[in-house]
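Asks: model the structure of this input:
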Amino acid sequence: MSDKLKTQEVAMLREELEILMSERTCLLQVAGAAAVLVANTDGRNLPPEAAEAAEMLSKYVNDLSEETLKDALEIVHAEVGPGDL
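Replies: Numbering: from 1, shown residues only. Below is the predicted model:
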């Protein structure tokens, strides 16, 4: 494989990695905002359709790994108490 081809491949991989990292940041922002919303919402006060969506959102937020959830909350500058995770 020529050096020029290797250089192009490295550049393409670097670009793809940057795209993925940018996408991860956006997804962490969404997850962080969702976690804050779930934490501050009382499902008993929601209409049934919204309660179903909130329950689904809550399940997905709870399925996140602790590390990912911490990253998500950090990126939206949410404060977490000692027993919140």
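
Asks: so how far is Val76 from Leu46?
Replies: To Val76, Leu46 is 22 Å away according to C-beta to C-beta, to the nearest Å. Yep, even glycine has a C-beta here, placed from its N, CA and C like the rest.

Asks: next one: Leu27
Replies: Leu27 is 12 Å from Val76, by C-beta to C-beta.

Asks: confidence score at Thr7?
Replies: Looking at Thr7, its pLDDT is 93.

Asks: now the one residue sitting closest to the centre of the chain: which helix or strand?
Replies: When C-alpha atoms, centre = their mean is applied to the chain, the residue found nearest the centroid is Leu28 (2.6 Å). Using DSSP states H and E, Leu28 maps to helix 3-39.

Asks: check which helices and strands the helix or strand following that helix sits against.
Replies: As assigned by DSSP H and E, the chain's next helix or strand after helix 3-39 is helix 48-63. Applying 3 or more C-beta pairs under 8 Å, 6 or more residues apart in numbering; DSSP states H and E, one finds that helix 48-63 makes contact with helix 3-39.

Asks: so which bits of the helix it packs on are buried?
Replies: Neighbour-count burial for helix 3-39 flags 28, 31-32, 34-36, 38 (criterion: 16 or more other C-beta atoms under 10 Å).
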